[in-house]
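predicted model and sequence below, questions to follow.
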Amino acid sequence: MGLISLGPMGEVAVHVVAANIQTILEVPVDLLGSIEVPAHSFQPQRQQYDAGLILKHLVRLPFPNHARIIALTSVDLCIPILTHVFGEAELGGRVAVVSDFRLRHNDDGTFAPLDRYYERLAKVALHEVGHTLSVYHCSDSKCVMRFSAKVRHLDEAGLYFCERCEFMVRESLKSVRTAVDD
């Protein structure tokens, strides 16, 4: 798995995400440096970046040694049908984008403690990686694959997959490893 920064991103945040993916999914994560946020993804009428356009940009980039690419960014993400998203991924695809823009504050606007911010960021990254591994949203409120529209939903979820989602992730990872080994 490869991890890139999309625009400026704190080094500690990148390492926290990499460490959580490596520990929870038991896969190596390579830090691939930084690239610019694609300018064409900015939506001036919303003052946000279209996550789908970012994914289309990432898909076209050559990362031959990595079955999955996770991009971390600090820009505010949206998709046409939602006012904002914490992240977006190709279901069963190769790329995902995760934003910390809305993770630094609580729903009431107060600053979240740094440890909570890092935990939220790790949860969103694991959630989006789960989507790249063909795992859908989960109804278990403690599973990292639950849909989270607000940061309090992230805080309620665990930093782990429920038994069903864990099984699906492990099965998908077997397929990814087989494809990489061939």
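Now that the structure is in, tell me what you want to look at. As the structure is a prediction and not an experimental result, all values here were calculated from the model.

at the geometric centre of this structure, which residue do we find?
Closest to where the C-alpha atoms of the chain average out (C-alpha atoms, centre = their mean) is Ala125, at 3.1 Å.

OK, contacts around that one?
Val17, Asn20, Ile21, Ile70, Leu72, Gly87, Ala96, Val98 (C-beta atoms under 8 Å, 6 or more residues apart in numbering). Quick note: C-beta positions are derived from backbone N, CA and C, even for glycine.

quick check: phi and psi at Asp50.
phi -80, psi 110 (degrees, to the nearest 10).

poorly predicted segments of the chain, please.
Low-confidence regions of the chain, defined by pLDDT under 70, span residues 177-182.

can you pull out the strands in it?
2-6, 30-35, 42-43, 48-50, 69-73, 77-79, 82-85, 87-89, 95-99 (DSSP state E).

for His105, see how far away Leu3 is.
To His105, Leu3 is 24 Å away according to C-beta to C-beta, to the nearest Å.

neighbour count winner among those two?
Neighbours per residue (other C-beta atoms under 10 Å) separate Leu3 from His105, with Leu3 holding more: 24 against 13.

which residues does that one form beta bridges with?
Leu3 has these beta-bridge partners by DSSP bridges: Leu31, Ile70.

contacting residues around it?
Val14, Val17, Ala18, Ile21, Val29, Asp30, Leu31, Leu32, Ile69, Ile70, Ala71, Leu72.

ok, 6 Å please
Applying C-beta atoms under 6 Å, 6 or more residues apart in numbering, we find Leu3 in contact with Ala18, Val29, Leu31, Ile70.

swap in Asp100?
Residues in contact with Asp100, defined by C-beta under 6 Å, 6+ apart, are Ser74, Leu121.

give me phi/psi at it?
phi -100, psi 0.

from Val27, how far off is it?
If you go by C-beta to C-beta, the gap between Asp100 and Val27 works out to 22 Å.

and Asp76, by the same measure?
Applying C-beta to C-beta to Asp76 and Val27 gives a distance of 29 Å.

for Glu11, give its distance to Val17.
Taking C-beta to C-beta, one finds Glu11 at 11 Å from Val17.
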